[in-house]
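One predicted model, sequence on top.
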Amino acid sequence: MSPSRRYLLVSPCRDEASYLRRTLDSVAAQSVQPAAWVVVDDGSTDETPTILQDYAGRLPYLHVVRRTDRGRRQVGPGVIEAFYAGLETVRMEDFDYLCKLDMDLDLPPRYFELLMQRMENDPRIGTTSGKPWFVVPQGGTLKPEICGDEMSVGMTKFYRVACFQEIGGFVRQVMWDGIDCHRARMLGWIAESVDREALRFVHLRPQGASQKGIWTGRLRAGFGQYFMGTSLLYYLAVAVYHLPAYPVLIGSTAMLWGYLRSWLKGMPRYEDREFRQFLQRYQHACLRMGKRAATARVNAERAGLWYASHPALKPE
């Protein structure tokens, strides 16, 4: 019997008229079509509702949820609130896979088929994705965005439903897309992104675009790392590594200030102390031996824990 490949897409979006058709068309062209696709229009004020209505009349699996206008785009908690507004309209148990999919992407035609093949071949893979590329404004060539192999990327987080349920879903805070992968790894699942040509997709929104600028975005990133429980030593190393990156010095300064300001104010952190301890041990191992080796070691160490929770899948 062939494995079930019923996958659900949930897409929060707001004012995505510039990119929306490319994403809709690339999903419509997939070699394996979604069983359902819930797009949450989070109060758009552009042509997004009209475009969605048009495609909903043509794609039988596409369902649109309309939310009232909050008056602004809200990253982090706002995106996840919109995601859950869509997820709550379906029974997650009716699907094998779940993907939080952004609406500013152009996906290759076998994208979801190949992700499901990977997960069928290795039952421990709980969340996976391809790699994002973006168009360089000068010259129009494609260039990869920087993202680690140990994380599924936030714009196309493809999950085994069982894994998503075990980690408790997404945290409604900045760094939701880091906490999920680390929690999955803590429970023995494998989290990954894969650099294969057939899994490379185009991120249509310009890299680093933000409605409030780079400084605000990097401050938010620093707060997010503090909230998640990231080690100060590890984040210092990250900031030093990014010093030459654009904008030189300013970006790293904002990252560190976002972290330290949160610490000085005594702002709350992610409440799971065991998770924070696991994260910091992993981060310090990354500093000692490199991220790839540290991730491989953690995955090997946690295999027994995973098989104890999934005995039917333990190899003979």
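That came in fine, so what should we check first?

residue ranges for the strands of the stretch 151-300 of the chain, please.
Counting by DSSP state E, counting those that start in this stretch, the stretch 151-300 of the chain has strands at residues 156-160, 190-191, 200-203.

Please produce TSV containing the ones you listed, extended by distance to Pro315, mean neighbour count and mean pLDDT.
Every residue, glycine included, has its C-beta placed from N, CA and C. Compiled in TSV, the strands of the stretch 151-300 of the chain are given as follows (distance: least, CB to CB, whole Å; neighbours: other CB atoms under 10 Å; pLDDT from 0 to 100):
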stretch	distance to Pro315	mean neighbour count	mean pLDDT
strand 156-160	18	25	98
strand 190-191	15	25	98
strand 200-203	32	19	96
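
nearest to His242, of those?
Distances from His242 to each of the strands of the stretch 151-300 of the chain were compared using CB to CB; the minimum, 19.3 Å, belongs to strand 200-203.

what packs against that closest one?
Based on contacts counted as 3 or more CB pairs under 8 Å, 6 or more residues apart in numbering; DSSP states H and E, the elements that strand 200-203 packs against are strand 105-106, strand 131-135.

And the contacts of the shortest one?
By CB atoms under 8 Å, 6 or more residues apart in numbering, the surrounding residues in contact with strand 105-106 are Tyr19, Arg22, Thr23, Ser26, Pro132, Met155, Thr156, Phe201, Val202, His203, Leu204.

Kindly report the same for stretch 195-202.
Surrounding stretch 195-202, the residues in contact under the criterion CB under 8 Å, 6+ apart are 105-108, 110-111, 114-115, 129-135, 142, 144, 149, 156.

Convert the C-alpha atoms of stretch 185-195 to CSV, please.
C-alpha atoms of stretch 185-195 as CSV (Å, rounded to 0.1, in the frame of the first residue of the first chain):
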residue,chain,number,x,y,z
ARG,A,185,15.3,17.9,18.2
MET,A,186,14.9,17.8,21.9
LEU,A,187,12.2,15.1,21.5
GLY,A,188,14.3,13.1,19.1
TRP,A,189,12.9,14.3,15.8
ILE,A,190,15.1,15.5,13.0
ALA,A,191,14.7,19.0,11.8
GLU,A,192,16.3,20.0,8.6
SER,A,193,16.4,22.1,5.4
VAL,A,194,17.8,20.5,2.2
ASP,A,195,19.9,22.1,-0.4
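
roughly how far is that stretch from the heart of the chain?
Here the centre of mass of C-alpha atoms in stretch 185-195, compared against the chain's by CA atoms, centre = their mean, to the nearest Å, lies 12 Å away.

One more: stretch 29-41?
Put simply, stretch 29-41 sits 17 Å off its chain's centre (CA atoms, centre = their mean).

again with stretch 30-50
For stretch 30-50, the separation from the chain centroid amounts to 18 Å (computed by CA atoms, centre = their mean).

what's the span of that stretch, first residue to last?
Terminal residues of stretch 30-50 are spaced 23 Å apart (CA to CA, to the nearest Å).

Just the mean pLDDT for that stretch, thanks.
Across stretch 30-50, the average pLDDT comes to 97.
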